[in-house]
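S.K.: this one's sequence-less:
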């Protein structure tokens with residue numbers, strides 16, 4: 001079959017290196033990554049003379065002590081000689097991070113400074129700082145964003161100008177990054193959170209009324225080190241200590257009852273109180289409401305940039321889901337989670353972005369190429385899409401029901417059986433994962449869960465490196481076990497097919513839905529060239545699913561929370 005233009009672009013990810021991929025994407029997609037100043041700063045590793053320049057410039061950051069989870073810091077810039085529009089102000093954490101060996105967390109372009117910077121060398125900048133369990137500082141560089149015809153010109157003109165004072169948090173140890181998920185046991189909830197790297201007696205405090213916590217459960221200790229990662233930038237330039245990761249499993253919960261909780265210790269302080277409603281496993285509950293999307297990313301609201309451009313619509317998706325939290329049983333995030341791709345601090349920022357929602361609603365995840373793929377790491381594809389993470393930060397931060405051994409799992413909720421699998425490790429005929437999937441689907445009790453959903457990151461019906469393989473190995477299982485719906489991500493738009501098999505519409509077969517429109521860039525140049533594609537929309541948003549014993553309904557809501565498509569299946 002002739003591939004659609006947007007699918008061809010994504011297929012390039014598996015055929016060319018990242019530099020060529022950027023050029024290809026920039027031809028059609030709205031989230032081109034252009035020349036990135038962070039890549040220029042990597043030259044500092046072997047060019048210490050950049051820091052030997054004597055400058056009269058000054059950076060003063062205030063306030064010097066921060067109290068909230070996030071707070072805006074003002075940096076007064078003065079005395080800069082020959083300022084340019086290609087200068088940047090970079091945030092480092094911790095404050096004493098070696099800029100020759102560490103990437104900034106993010107940076108602000110001189111074009112966003114306040115004041116007549118280009119004429120006076122004086123300006124004011126504001127950057128939002130997140131409590132990542134460490135202090136921060138700021139460095140001003142000159143000529144970072146400019147393109148030079150030769151590499152030696154880049155090094156000749158790149159300049160370190162000045163470094164600010166340190167800015168610290170009043171309590172850098174505060175527990176944060178909370179989120180919850182299901183376990184392998186129906187009705188249980190796992191709570192996960194993070195602290196700084198110093199051990200403490202972390203515990204979860206649980207009760208059924210606000211402010212009262214008669215149950216106290218000691219936290220299990222987890223985390224990861226740079227030595228466990230596969231390559232650069234994850235294990236060197238992009239590395240930042242993730243702190244200690246904790247988790248607690250809550251058992252013997254009363255189905256449907258509201259619980260209140262906090263986590264922490266006397267040494268570190270405590271999180272804000274959160275709440276959730278205990279899950280009602282099948283067949284106790286007769287209906288389910290859940291949200292599904294992929295390819296979310298995160299947004300930096302202060303105008304700063306990172307290794308890739310910020311995903312503004314991701315914030316809208318998270319907020320829209322939060323607004324529906326009281327009516328949502330769980331979130332299913334089908335790959336490409338934070339787009340950290342080797343820059344560790346990005347995970348901290350992503351966890352903060354979803355925390356308000358993910359502490360209330362179980363946030364179930366599957367790995368995508370930007371969490372898992374790296375050469376010689378066991379991934380099915382050899383791209384460097386994870387930036388050397390090879391799944392480790394994702395798997396330690398999001399403990400799913402079969403973790404840590406397997407990146408696949410299934411669970412029942414109400415009348416729906418969810419099968420989540422990894423398109424990033426072997427799913428081919430004879431593989432352990434495919435055998436597990438066949439066994440799991442064969443065991444489904446359709447009287448208990450009449451609806452069966454299979455979810456993975458790379459889509460089966462799009463021209464990607466995985467599609468043909470998925471059709472050869474996974475699609476026969478969809479047919480054999482009468483899977484109703486398949487959810488996919490990876491391609492950044494919404495797409496719905498007819499009920500189909502083997503490329504043709506057939507009543508009673510699987511409806512495929514691409515939900516890769518969570519917020520990280522959107523394909524807008526869409527053309528339907530296949531009869532089986534019934535809807536194709538280039539807007540960000542999420543899928544809202546309702547199911548009972550007789551009905552399965554999906555609505556695609558865009559970032560303005562407006563219904564843009566819907567379909568209903570009945571039994």
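M.R.: Looks like it came in fine. The structure displayed is predicted, hence computed values, not measured ones. Numbering: from 1, shown residues only.
S.K.: In the stretch 51-200 of the chain, where is pLDDT below threshold?
M.R.: 145-156 (pLDDT under 70).
S.K.: Tell me where it has helices.
M.R.: 117-120, 151-157 (DSSP state H, counting those that start in this stretch).
S.K.: ditto for the chain
M.R.: Taking DSSP state H as the test, the helices found in the chain are 5-11, 18-25, 37-41, 117-120, 151-157, 312-323, 345-358, 369-372, 392-397, 432-442, 467-473, 475-480.
S.K.: Need the winner for burial among these.
M.R.: Across the helices of the chain, averaging neighbours per residue (mean count of other Cβ atoms under 10 Å) puts helix 369-372 on top, at a mean of 28. Placement of C-beta: from N, CA and C, glycine included.
S.K.: Which strands and helices lie in contact with that one?
M.R.: If you count contacts as 3 or more Cβ pairs under 8 Å, 6 or more residues apart in numbering; DSSP states H and E, helix 369-372 packs onto helix 392-397.
S.K.: what about residue 266, neighbour count?
M.R.: Number of residues near residue 266 (other Cβ atoms under 10 Å) recorded here: 9.
S.K.: Which residues belonging to stretch 374-385 are considered buried?
M.R.: For stretch 374-385, the buried set under the neighbour-count rule, 16 or more other Cβ atoms under 10 Å, comprises 374, 377, 379, 380, 381, 383, 384, 385.
S.K.: Kindly provide the distance from the second one to residue 232.
M.R.: Spatial separation of residue 377 from residue 232 under the definition Cβ to Cβ, to the nearest Å is 13 Å.
S.K.: Then the fourth one?
M.R.: In this view, residue 380 and residue 232 are 21 Å apart by Cβ to Cβ.
S.K.: which residues sit in contact with residue 78?
M.R.: By Cβ atoms under 8 Å, 6 or more residues apart in numbering, the residues touching residue 78 are 57, 58, 121, 122.
S.K.: Could you tell me the phi and psi values at the last one?
M.R.: Going back to what we said before, that points to residue 122. Main-chain dihedrals, residue 122, degrees, to the nearest 10: phi -130, psi 140.
S.K.: Excluding sequence neighbours, find me the nearest residue to it.
M.R.: residue 78 (4.7 Å; Cβ to Cβ, 6 or more residues apart in numbering).
S.K.: The one you found and residue 290, how far apart?
M.R.: Distance, residue 78 to residue 290, by Cβ to Cβ: 53 Å.
S.K.: go on, residue 535?
M.R.: Distance of residue 535 to residue 290, computed by Cβ to Cβ: 20 Å.
S.K.: ok, now residue 554?
M.R.: Counting by Cβ to Cβ - residue 554 and residue 290 are separated by 10 Å.
S.K.: where do the contact lists of the two overlap?
M.R.: Residues touching both residue 554 and residue 290 (Cβ under 8 Å, 6+ apart): residue 545.
S.K.: picking that back up, more neighbours, residue 535 and residue 290?
M.R.: Between residue 535 and residue 290, residue 290 has the larger neighbour count (other Cβ under 10 Å), namely 22 against 15.
S.K.: how far away is that one from residue 106?
M.R.: On the measure of Cβ to Cβ, residue 290 and residue 106 end up 33 Å apart.
S.K.: where does the stretch 351-500 of the chain have low pLDDT?
M.R.: For the stretch 351-500 of the chain, the stretches with pLDDT under 70 are 403-404.
S.K.: Okay, strands next: where are they in it?
M.R.: 363-366, 409-413, 416-420, 451-455, 485-488, 494-501 (DSSP state E, counting those that start in this stretch).
S.K.: tell me which residues form a beta bridge with the residue nearest to residue 122?
M.R.: Legend: beta-bridge partners of residue 78 under DSSP bridges are residue 58.
S.K.: those strands in the stretch 151-300 of the chain, which residues are they?
M.R.: Counting by DSSP E, counting those that start in this stretch, the stretch 151-300 of the chain has these strands, from start to end: 159-163, 168-169, 176-182, 189-195, 203-207, 215-218, 220-222, 244-250, 258-265, 269-270, 274-277, 288-293.
S.K.: quick one, which of those is nearest to residue 550?
M.R.: Ranking the strands of the stretch 151-300 of the chain by proximity to residue 550 (Cβ to Cβ) places strand 288-293 first, at 13.2 Å.
S.K.: Adjacent strands (with direction) for the closest one?
M.R.: strand 330-334 (parallel), strand 541-547 (antiparallel).
S.K.: closest to residue 355 out of the ones you listed?
M.R.: Closest approach to residue 355 among the strands paired with strand 288-293 (Cβ to Cβ): strand 330-334, 12.8 Å.
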